[in-house]
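Novice: the following block contains a protein sequence and its predicted model.
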Amino acid sequence: MAEDARTPTAVVKEVDDNVVSVRLIVEGIQPVMFGDKTRAKNGTVDMKLEPSCLSMVAKVEKPKGHFIVYKYSVKQFPADVDVQLSTWKVKKDVISIKLRKAVAKSWVSLLTGGLEQAEPSSGSEDEEPKIKKENEEIKKEEDPQPVSN
């Protein structure tokens, strides 16, 4: 059966000048009881984190062998993050990401429009814009009406 792809709701909060918290709402995902907290009990999570961007694909198993796929990407953070000091883990219905900033500085004024800082007409053909385009197409298929904040 065809996979139902979704874009998770992202809740972004600046914890302090060093850390930004990102919570991706992924309905149904369950953490493993013991061991690696980046693994899901009922699916898979593929997280790619780079200094200026991230992409995440979560596949959550539902009854009867069906899966729901969640995709999320940011192709340009407000500033670089330290990949080695950034962490993420699976929690019940949430993928929690702690982005450690490379340089301690407030992003509050930069986050008013969201975590994504890339210009929509960048024209770049690398992998991240492709993922962003897929997310936009998926969103159009699911909800053709504009979303207001």
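Specialist: All right, it came through fine.
Novice: so how far is the helix or strand residue 69 falls within from its chain's centroid?
Specialist: Assigned by DSSP states H and E, residue 69 belongs to strand 67-74. Averaging C-alpha positions (CA atoms, centre = their mean, to the nearest Å) puts strand 67-74 8 Å from its chain's average.
Novice: just stretch 83-91 next, same as before
Specialist: The answer for stretch 83-91 is 12 Å, by CA atoms, centre = their mean.
Novice: between the two ends of it, how far is it?
Specialist: 20 Å (CA to CA, to the nearest Å).
Novice: please apply the same query to stretch 39-52.
Specialist: Terminal residues of stretch 39-52 lie 24 Å apart, using CA to CA.
Novice: so what touches it?
Specialist: Stretch 39-52 is contacted by residues 28-33, 38, 54-61, 67, 76-77, 80-83, 86, 88, 90, 95, 97, 102 when judged by CB atoms under 8 Å, 6 or more residues apart in numbering. (Glycine included, C-beta is placed from N, CA and C.)
Novice: please indicate which of those residues are buried?
Specialist: 29-31, 54-61, 67, 76-77, 81, 86, 88, 90, 95, 97, 102 (16 or more other CB atoms under 10 Å).
Novice: re earlier: tell me the helix or strand right after the strand holding residue 69.
Specialist: Of the helices and strands lying after strand 67-74 in sequence (DSSP H and E), the nearest is strand 87-91.
Novice: and that following strand, what does it pack onto?
Specialist: For strand 87-91, the elements it packs on are strand 43-49, strand 94-100, judged by 3 or more CB pairs under 8 Å, 6 or more residues apart in numbering; DSSP states H and E.
Novice: cutoff 7 Å now
Specialist: strand 94-100 (3 or more CB pairs under 7 Å, 6 or more residues apart in numbering; DSSP states H and E).
Novice: who touches the strand it packs on?
Specialist: Contact with strand 94-100 is made by 18-26, 29, 45, 56, 58, 81-82, 85-89, as judged by CB atoms under 7 Å, 6 or more residues apart in numbering.
Novice: rerun that using 6 Å as the cut-off
Specialist: Strand 94-100 has contacts (CB atoms under 6 Å, 6 or more residues apart in numbering) with 19-24, 26, 81-82, 85-89.
Novice: and the two most separated of those?
Specialist: Looking at the contacts of strand 94-100 by CB to CB, the two members farthest from one another are 26 and 82, with 24.5 Å of separation.
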